[in-house]
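K.L.:
no sequence for this one, just the structure:
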DNA sequence: TTGTACGCGTTATCAT
DNA sequence: ATGATAACGCGTACAA
């Protein structure tokens, strides 16, 4: 029973075209404006966005696809996107690709069929060739956190290399030479970059890389635990360890607790993300903190621009800086 | 340039009505079915959901409104809802009420104007009179985690009272008598129930309630920290403390770490939620674990039923059981 | 069972 | 600036 634009036109005694023009901010005479406004109020008229979409081919919906919704990093980005897009009238639909490439593809097709105006995608791996195929050339997509190999488009990522470089450099400066690295799956962009940062700083400081000190997890808590355990079992333990993401940091620190390894007396640790946690763990963990809200904000900004029709220029790749937070989990080996 | 139902009809040499009937699962002759199917394939035809929505008045969209998206509890529920609704073709739009009643109301109106078919709402407080007003009688809404005072509708909540009862009972059985309670804001349903559980078990065991042992936080980390600190400063410290939600548990444990208070030697602790954390904190924290996935699942089920037109019966209030996980943060005072 | 034609609520075009 | 009217793509009476 909701009032339509026709009802408003009838009550205001003007043409529907006039009402439509008023609603869309075009000029109408003051007299008509008043008539329309009172009719709108009297009927409690609300534009039907579905009918509008049918004409305009815009759904005013943006889709966000992430490998997992119940993930602190994803959530923060989604929250930031939602907050920014809210003011433009966009609604945000969320999709969980459940760490699966097939599911990611299915979700891309799903959001296309739902006529999303734009997509924010955190790809689950390096493969990106399916994106353009599933989405078509019309729907703008912004990658967050990770780039993909075979598809270049707008993206917002952080400077993983230098973030890790800086963190490991701090360890080196404090006298550490045997520094373990719990790396992520090398099929994922951030994992590769973070490992690259580790390698680069060792090289720059003339420290020989020891393959036994580099262990690979899959970015999940359990593998952080396992790889930390393997690190501890080595004949010549590292004096410090850097862990490549939040979940594995959780696992690694849990392992140290279980094994009764004292931080930083027995082992220095640098983790990733989640400020709260670093205060909770005893002692306060040194971490690399990613600007999550900013990632979402920048992605939303780019997307809005593209959705407004600005297809100009090459893809925008925004590189945000992460900051390294030195706390109490690093032992200074120089002053024993 | 997307193919329409007319194009399919033309290519298949049947009437649009026939194509429409085929698409919606009605009977068509085998011959026509084949013709249509090949035309659909040839043209890569996809139903335009917007045009369909205009006719059917169904957007196939469900909105989820929570006080904060960047919250582990909220996101677990959203993930669960999305997963369940996915198979029915619904998309999930998320809204952040940012802990504000005005914003909550605005979001309710927003999703109504977006023609959401159903709403899952985690209310930010006890007030619920605005819900029906903003949403109207047509759109079904399911409350999660919290009930509201002045509006009764379908809801999925947990049995907070007995969950806390059970946890505190464990403390009592282990010999604790001075048990602190860091309660939540009494304007929130769960906070009241959890406090009620605490009170009830004390009463049942004949332990006098000491008002000084009940401190109120606002469900945020920082107040968990502050109230734990106040508890520690009391002349006669409690021997155990129960904290009413996840964020405050984080704060409380951080405080204990900062103050060098040993768990459970100096103080026994029971927290809320987040299994991961309990392994991380040394020692493993005893916690009350909420069945988050199940909350989302049950909410989605009810909503689907309502959206399918089943308005029958009184509102369904599903009460799920939380489980208490006893770990190493409780000292047994009976065997000193 | 199938075809025709209309309506859903809006925007856009074209005279006026 | 305004009014009348044709789309947008689909579902669905109605008639055949």
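P.N.:
Structure's in. What do you need? This is a predicted model, so every value here is computed, not measured. Residues are numbered from 1 along each chain as shown, chains lettered A, B, ... in the order given.
K.L.:
could you pull out the strands for the stretch 201-336 of chain A?
P.N.:
For the stretch 201-336 of chain A, applying DSSP state E, counting those that start in this stretch gives strands covering A:214-216, A:240-243, A:268-272, A:286-289, A:317-320, A:323-325.
K.L.:
Show me how the record splits chain A into domains.
P.N.:
Structurally, chain A divides into domains by automatic domain parsing as follows: A:1-45, A:49-158+A:292-320, A:160-289.
K.L.:
mind listing what residue A:27 touches?
P.N.:
The contact partners of residue A:27, by CB atoms under 8 Å, 6 or more residues apart in numbering or on different chains, come to residue A:21. The way it works is simple: take the backbone N, C-alpha and C, and place the C-beta from them, glycine included.
K.L.:
now the strands of the stretch 201-336 of chain A in a markdown table, with mean neighbour count, distance to DNA strand D and mean pLDDT?
P.N.:
Formatted as a markdown table, the strands of the stretch 201-336 of chain A follow (neighbours: other CB atoms under 10 Å in any protein chain shown; distance: least, CB to the nearest atom of the strand, whole Å; pLDDT from 0 to 100):
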| stretch | mean neighbour count | distance to DNA strand D | mean pLDDT |
| --- | --- | --- | --- |
| strand A:214-216 | 18 | 47 | 98 |
| strand A:240-243 | 28 | 50 | 98 |
| strand A:268-272 | 27 | 46 | 97 |
| strand A:286-289 | 23 | 47 | 96 |
| strand A:317-320 | 15 | 34 | 98 |
| strand A:323-325 | 15 | 49 | 94 |
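K.L.:
Which of those sits closest to residue B:75?
P.N.:
Across the strands of the stretch 201-336 of chain A, residue B:75 has its closest neighbour in strand A:268-272 (18.8 Å, CB to CB).
K.L.:
residues from the stretch 1-150 of chain A in reach of DNA strand C?
P.N.:
Taking CB under 7 Å from any atom of the strand as the measure of proximity, the stretch 1-150 of chain A contacts DNA strand C at A:2, A:4-6, A:16-17, A:20, A:23-24, A:45-48, A:51-52, A:54-56.
K.L.:
What lies in contact with the one helix or strand residue A:55 maps to?
P.N.:
In this assignment (DSSP states H and E), residue A:55 forms part of helix A:49-56. Applying CB under 8 Å, 6+ apart, the contact partners of helix A:49-56 are A:58-60, A:115, B:48, B:50-51, B:53-54, B:59, B:113-115.
K.L.:
Buried ones among these?
P.N.:
When those are checked for burial by 16 or more other CB atoms under 10 Å in any protein chain shown, the buried set is A:59-60, A:115, B:48, B:50, B:53-54, B:59, B:114-115.
K.L.:
circling back: tell me the first helix or strand C-terminal of the helix holding residue A:55.
P.N.:
Downstream of helix A:49-56, the first helix or strand assigned by DSSP H and E is strand A:61-66.
K.L.:
what distance separates whichever helix or strand comes after that next one from the centre of its chain?
P.N.:
Once the chain leaves strand A:61-66, the next helix or strand it forms, by DSSP H and E, is helix A:72-86. Centre-to-centre, helix A:72-86 and its host chain are 8 Å apart (CA atoms, centre = their mean, to the nearest Å).
K.L.:
Can you list the neighbours in contact with helix A:72-86?
P.N.:
Contacts of helix A:72-86 (CB under 8 Å, 6+ apart): A:62, A:64, A:66-69, A:91-92, A:94, A:120, A:122, A:144-145, A:246, A:273-274, A:290, A:292-297, A:299-301, A:304, B:68-72, B:74-75, B:94-96, B:98.
K.L.:
And the buried ones among these, selectable in ChimeraX?
P.N.:
To isolate the buried members of those in ChimeraX, using 16+ other CB under 10 Å:
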select /A:62,64,66,67,68,69,91,92,94,120,122,144,145,246,273,274,290,292,293,294,295,296,297,299,300,301,304 /B:68,69,70,71,72,74,75,94,95,96,98
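K.L.:
Now the phi/psi pair for the nearest residue to residue A:107 once chain neighbours are set aside, please.
P.N.:
Closest residue to residue A:107 apart from its sequence neighbours, by CB to CB, 6 or more residues apart in numbering or on different chains: residue A:95 at 4.2 Å. Torsion angles at residue A:95 (phi, psi; degrees, to the nearest 10) stand at phi -140, psi 140.
K.L.:
Give the full set of residues in contact with residue A:331.
P.N.:
So residue A:331 contacts A:174, A:239-240, A:264-265, A:268 (CB under 8 Å, 6+ apart).
K.L.:
Equivalent analysis for residue A:295, please.
P.N.:
Counted by CB under 8 Å, 6+ apart, residue A:295 has contacts A:77, A:80, A:144-145, A:156, A:158, A:320.
K.L.:
mind running it again at 10 Å?
P.N.:
Counting by CB atoms under 10 Å, 6 or more residues apart in numbering or on different chains, residue A:295 touches A:73, A:76-77, A:80-81, A:120, A:122, A:144-145, A:156-158, A:318, A:320.
K.L.:
pLDDT below threshold where in the stretch 201-336 of chain A?
P.N.:
Low-confidence segments of the stretch 201-336 of chain A, defined by pLDDT under 70: A:275, A:277-278, A:336.
K.L.:
where do the helices sit along it?
P.N.:
Taking DSSP state H, counting those that start in this stretch, the helices of the stretch 201-336 of chain A run over residues A:221-233, A:246-259, A:275-280, A:292-307.
K.L.:
Tell me which of those is the most buried.
P.N.:
Among those, ranked by average contacts under mean count of other CB atoms under 10 Å in any protein chain shown, first place goes to helix A:246-259 (a mean of 24).
K.L.:
Give me the packing partners of that one, helices and strands only.
P.N.:
Where contact means 3 or more CB pairs under 10 Å, 6 or more residues apart in numbering or on different chains; DSSP states H and E, helix A:246-259 is packed against helix A:72-86, strand A:179-183, helix A:221-233, strand A:240-243, strand A:268-272, helix A:275-280, strand A:286-289, helix B:275-280.
K.L.:
Can you lay out these as CSV showing distance to residue B:86?
P.N.:
Formatted as CSV, these follow (distance: least, CB to CB, whole Å):
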stretch, distance to residue B:86
helix A:72-86, 17
strand A:179-183, 33
helix A:221-233, 25
strand A:240-243, 33
strand A:268-272, 30
helix A:275-280, 31
strand A:286-289, 33
helix B:275-280, 25
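K.L.:
re earlier: in the contacts of residue A:295, which has the lowest confidence score?
P.N.:
By pLDDT, residue A:73 ranks lowest within the contacts of residue A:295, coming in at 94.
K.L.:
The domains of chain A: which one's closest to residue B:184?
P.N.:
Closest among the domains of chain A, once you apply CB to CB, is domain A:160-289, at 18.0 Å.
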